[in-house]
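[1] coords please:
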Amino acid sequence: MSTAQFDGVLFVGFGGPTPGCCERFSPCPGTEAQCFVKAIIGERRGAAARLAEVAAHYAHLGGFSPFNELTMQQVRAVTAQLQAAGWQVPVRVGMRYWPPYVQDVLHDMAVQGARNLLAVILSPFQCTASWEAYQQVVQVGLDSLGAQAPQVTYLAPWPTHPGFLAAVVDSIRQASAPLGPERAAAATLIYTAHSIPAAMAAEGPYTQQFAAVAAATAQALGRHDYQLAYQSQATGTPFPWLQPDILDAVQQAQAAGARDLIVAPIGFLCDHVEVLYDLDIQARDAAQAAGLTYQRAATVGTQPAFLTMLSTLLAARLQHG
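    All right, here's what the predicted structure looks like:
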């Protein structure tokens, strides 16, 4: 058995609504999806309309999200790889917006004796909303523990790690296969990431990391032409968000004479509503209405290269601190 420099690993994810009470609101504002969306958007101007809009997307998909279970599958696989390599540290998952909450998981780990945790932020690209916000949630949990709070160290960002790139390439190849080699080579390849406010993007490496992953994986695929697009922009806000939107990109591809589209959501690590609705329904419908065939590449999910990357990076930090 290897001796670890940390006594626990904490994966920090966004979360998604599952059956059961979120324990945030009294009285409950409605369905699990409504509670989930309300926790994210708060009471800002236009919040009621946005809540209804996004909750309707969840309702269309059955009312819940596969995010938590898919994240647990990722973490179970990484844990198994760590154990196979001799690392027996506890590995837990905490979510920002749905149970198991980060604060509760930190409390449980502290009670069980954890004093030095290695944390993994489950987001491929860095911005205030996708990186610092996760750290803030962790800090709130630590502050609530007082003297019992463990120290937390974060695994470094990994967007251009060969393992992540290999998983993206494999997903795109699988999505391209039904087209056949010639049509796949001629298809319009569009990479997507979640849109964020332009001002937020200017303060961090989000767009640069997105572009770097797209460029590296396109090169590995032998592609010289590809496009970047953004998706899932919040509506009703008074400030600009990153563009072009994926729906606009679909129209642009049609206007340019495209026949086939391959869409790769590299800004997401597993399927949830912003992939399953915004891409698999809205973008697909737009493509079909424009007379285009549409192939959506899988998120990296449980791709072996991605999981091996995480376990290898974690093992290195567990050993060397």
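[2] shaky segments in the stretch 151-300 of the chain?
    The stretch 151-300 of the chain contains no residues with pLDDT under 70.
[3] Domain-wise, how is the chain divided?
    What automatic domain parsing lists as the domains of the chain is 8-16+66-157, 162-296.
[4] measure the last one end to end?
    Which is domain 162-296. End-to-end distance for domain 162-296: 22 Å, by C-alpha to C-alpha, to the nearest Å.
[5] can you check stretch 101-121 too?
    Note: stretch 101-121 ends 14 Å apart using C-alpha to C-alpha.
[6] Flag every buried residue along that stretch.
    101-103, 105-107, 109-110, 114, 117-121 (16 or more other C-beta atoms under 10 Å). Every C-beta, even on glycine, is put in place using the N, C-alpha and C of the backbone.
[7] what's the closest of those residues to A147?
    A110 (10.0 Å; C-beta to C-beta).
[8] Am I right that that closest one is in a helix?
    Yes: according to DSSP: H, G, I helix; E, B strand; the rest coil, A110 belongs to a helix.
[9] List the contacts of it.
    L145, Q148, A149, P150 (C-beta atoms under 8 Å, 6 or more residues apart in numbering).
[10] Could you do R96 as well?
    V12, G13, F14, G15, V102, A133, Y134, V137.
[11] Among those residues, which ones are in helices?
    Cross-referencing those against helices under DSSP state H gives V102, A133, Y134, V137.
[12] Taking the residues you listed together, which two end up most distant?
    Maximum distance among the ones in helices among the contacts of R96 (C-beta to C-beta): 11.1 Å, for V102 and A133.
[13] Dump the domains of the chain to a markdown table, plus distance to C22.
    Shown next, in a markdown table, are the domains of the chain (distance: least, C-beta to C-beta, whole Å):
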| stretch | distance to C22 |
| --- | --- |
| domain 8-16+66-157 | 6 |
| domain 162-296 | 16 |
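[14] The stretch 201-321 of the chain: helices as residue ranges?
    For the stretch 201-321 of the chain, applying DSSP state H, counting those that start in this stretch gives helices covering 206-220, 246-255, 273-276, 284-289, 304-320.
[15] ok, back up a step: just the buried ones among the contacts of A110, please.
    A149, P150.
[16] who's in contact with the closest residue to P66 other than its chain neighbours?
    Nearest non-adjacent residue to P66, counting by C-beta to C-beta, 6 or more residues apart in numbering: D271, 6.0 Å away. Taking C-beta under 8 Å, 6+ apart, we find D271 in contact with P66, F67, L70, A298, T299, G301.
[17] What separation do you get for the second one and C127?
    Yep, that's F67 we're talking about. Computed as C-beta to C-beta, to the nearest Å, the F67 to C127 distance reads 19 Å.
[18] more crowded one of these two?
    F67 (27 against 23; other C-beta atoms under 10 Å).
[19] Return the distance of the residue nearest to that one when sequence neighbours are not counted relative to A199.
    Of all residues not flanking F67 in the chain, G16 sits nearest, at 3.2 Å (C-beta to C-beta, 6+ apart). Going from G16 to A199 by C-beta to C-beta gives 27 Å.
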